[in-house]
Structures are given as C-alpha cells and as structure tokens.
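K.L.:
Below are the sequence and a predicted model; questions follow.
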Amino acid sequence: MATPREESILRKLREICLALPEATETLTWDHPNFRVAEKIFCIMGGEAGEPNITLKVGKPMLDVFLKDPRFYLAPYIGRNGWVSLKASTGRLNWTEIAALCRDSYRRVAPARLSKQIN
C-alpha cells in the first residue's frame, strides 16, 4: 500500500506526464510507468517508503546527474542513460521534475510528437 507521500507524488507525476501528447500510463513491474508509443519515459518506482522517479537523461548527461546526491544510476537501465531521483524526503522541485519528464519524453517519442514539446 502506498504512503500518502507516494500517492501525492504519483498524482503530480500523472498530471505532468499525461499532459504530454499521446502519453499513457501502464503498470509494469508493479510500478506506474508513463509511455509514449509503447516506450517508457518515466517510472514511479522504489520500495515502500523509498519512492523514486526514474527518467532518461541520456548517456552523455549521466555524470552530471550522478554528481548530484539526489540522483543515482537507475538499476538495470542506468547504463542506457537513465537516472533515478530520490523522492522519499525533502521538498521536490516540481518545475525541475516537469522539465526532466519533458526531456525524457523527447528522448523516446517519435519525432512527430517530440516536436510538439517546448
């Protein structure tokens, strides 16, 4: 069962991700995944009480994100340019998270959809 914080994070992620063109939500690996054209661009993951938000930032940007203690290499997919943002404590910067979601979306979306994102 999700904690109130996890439910709040998921509500806000849904608001951000599902506003993107043709984005959908699926439950995969017991975690909500946001997809475009069947490709994942955002995952609400983590263990109970230790939520995280996983996004594709691209291989060239991994070192930049991994210098920030809020981020860590995403398990299994990190080597492909994915990071996870720790979301269990502290205030989350939703402006930053929205920008990261849009960027991750652009990285996996078909060009016709990617061009629609500012």
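P.N.:
Thanks, I have the structure now. Numbering: from 1, shown residues only.
K.L.:
Mind checking the pLDDT average for the helix or strand harbouring Ala99?
P.N.:
Taking DSSP states H and E as the definition, Ala99 sits inside helix 94-108. The predicted model gives helix 94-108 an average pLDDT of 97.
K.L.:
So for the helix or strand following that helix, mean pLDDT?
P.N.:
Using DSSP H and E, the next helix or strand after helix 94-108 towards the C-terminus is helix 111-114. In this model, helix 111-114 carries a mean pLDDT of 93.
K.L.:
In PDB, list the C-alpha atoms belonging to helix 111-114.
P.N.:
Extracted as PDB, the C-alpha positions of helix 111-114 are listed here (Å, rounded to 0.1, in the frame of the first residue of the first chain):
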ATOM      1  CA  ALA A 111       9.800  12.800 -34.000                       C
ATOM      2  CA  ARG A 112       6.300  14.000 -34.900                       C
ATOM      3  CA  LEU A 113       5.400  14.000 -31.100                       C
ATOM      4  CA  SER A 114       8.700  15.200 -29.800                       C
END
